[in-house]
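[1] sequence first, predicted model second:
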Amino acid sequence: MKIDGFSIETTPGGAREVGSFAALLPQGTRVFVTHLPDGALDGVVRTAARLAGAGMAPVPHIGGRHISSRADLDGHLDALRSVGVREALLVGGDRSEPLGPFSEAGDLIGPAAERFERLYFAGHPEEDRDAALLAKIAKVRAVGAEAAVVTQFVFEAEALLEWEERIARLGNTAPVRVGLPGVASPGALLKYAKMCGVGRSLRGLWRDGRLLRMAGRWTPATLISGFRDAPASVEGLHFFPFGGFAETAAYLAEARQAPSERRWNQS
């Protein structure tokens with residue numbers, strides 16, 4: 001699989017630290033915008049507007065548990081549509097109690113499908129959520145929208161490919177974006193892996209000593225090579241830049257060059 005066509009994640013706060021998205025990313029890159037529990041809805045809209053203005057394709061997270069009413073949801077979706085959003089990731093939201101009537105991603109499908117052409121859902125290769133994922137995909141298609149999947153990040157290509165084969169056997173035909181950690185320190189990887197419940201592949205890194213051998217930073221080179229022969233249903237790679245957006249973007253820019261033109265060690 002070529003690295004071209006990758007997508008990447010940011011937060012509204014992280015986006016404010018980026019001077020120019022156009023200087024860091026290819027035109028048309030999908031940039032997913034996280035909706036944090038304590039984040040304002042208009043912060044997501046402003047970030048999406050800025051990305052669209054820079055020639056990117058903003059893909060905001062819409063967290064059901066963070067929205068207090070149907071009126072607020074409709075207003076938020078309309079605002080996102082008005083600034084150029086055409087795709088969105090629907091999630092339940094990282095909040096123990098919902099603010100309003102929406103408790104899971106499936107509750108948002110009808111209103112979101114009225115505004116956006118493609119709706120993403122989170123895939124969890126290390127958890128037993130396959131049936132719920134496939135039900136949401138089927139519901140999206142039933143209302144005439146396109147469905148796709150972006151996975152939680154993994155540290156082992158094999159774990160992700162096994163999961164992709166499993167959901168394909170269960171009937172999935174929606175395209176999948178593979179979540180990978182970007183450039184980061186080992187400490188940052190441990191922190192976010194624990195926060196996100198990524199256990200099996202992290203334990204594999206620890207057992208074989210790869211985490212201990214990292215001299216200051218992790219890069220996704222080995223993982224990227226593990227998807228070289230991924231099935232056609234895997235449409236691209238999606239990066240979580242735990243070590244900083246600009247550093248991961250610079251790494252990916254160099255990874256797309258011919259080996260003789262690279263300055264960084266892509267390993």
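    Received the coordinates, thanks. These numbers were taken from a predicted model, which means no experiment stands behind them.

[2] helices of the stretch 1-150 of the chain, start to end?
    Along the stretch 1-150 of the chain, counting by DSSP state H, counting those that start in this stretch, helices occupy 12-15, 21-24, 41-53, 70-82, 109-115, 130-142.

[3] buried deepest among the ones you listed, which one?
    helix 41-53 (a mean of 20; mean count of other Cβ atoms under 10 Å). For glycine as for every other residue, the C-beta is placed from the backbone atoms N, C-alpha and C.

[4] list the contacts of that one.
    10, 12, 15, 21, 31, 33, 35, 57-58, 60-61, 66-67, 72, 76, 79-80, 83-85 (Cβ atoms under 8 Å, 6 or more residues apart in numbering).

[5] now render the helices of the stretch 1-150 of the chain as TSV, adding distance to residue 98 and mean pLDDT.
    Rendered in TSV, the data for the helices of the stretch 1-150 of the chain read as follows (distance: least, Cβ to Cβ, whole Å; pLDDT from 0 to 100):
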stretch	distance to residue 98	mean pLDDT
helix 12-15	21	94
helix 21-24	32	97
helix 41-53	15	97
helix 70-82	12	97
helix 109-115	15	97
helix 130-142	17	97
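
[6] in the stretch 151-267 of the chain, where is pLDDT below threshold?
    Applying pLDDT under 70 to the stretch 151-267 of the chain flags the ranges 188, 191-216, 243, 258-267.

[7] which stretches of it form helices?
    Under DSSP H, counting those that start in this stretch, the stretch 151-267 of the chain gives helices at 157-169, 186-196, 200-207, 210-213, 221-226, 245-255.

[8] which neighbouring elements make contact with the longest one?
    With contacts defined as 3 or more Cβ pairs under 8 Å, 6 or more residues apart in numbering; DSSP states H and E, the packing partners of helix 157-169 are helix 130-142, helix 221-226.

[9] mind listing what's buried along it?
    157, 159-161, 163-164, 167 (16 or more other Cβ atoms under 10 Å).

[10] now that helix - C-alpha only, CSV.
    The C-alpha trace of helix 157-169 is given here as CSV (Å, rounded to 0.1, in the frame of the first residue of the first chain):
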residue,chain,number,x,y,z
ALA,A,157,-0.2,-4.9,11.4
GLU,A,158,-1.1,-8.6,11.9
ALA,A,159,-3.7,-7.8,14.5
LEU,A,160,-5.4,-5.3,12.2
LEU,A,161,-5.3,-7.5,9.2
GLU,A,162,-6.8,-10.4,11.1
TRP,A,163,-9.6,-8.2,12.3
GLU,A,164,-10.2,-6.9,8.8
GLU,A,165,-10.5,-10.5,7.5
ARG,A,166,-12.9,-11.3,10.4
ILE,A,167,-15.3,-8.4,9.6
ALA,A,168,-15.1,-9.2,5.9
ARG,A,169,-16.3,-12.8,6.7
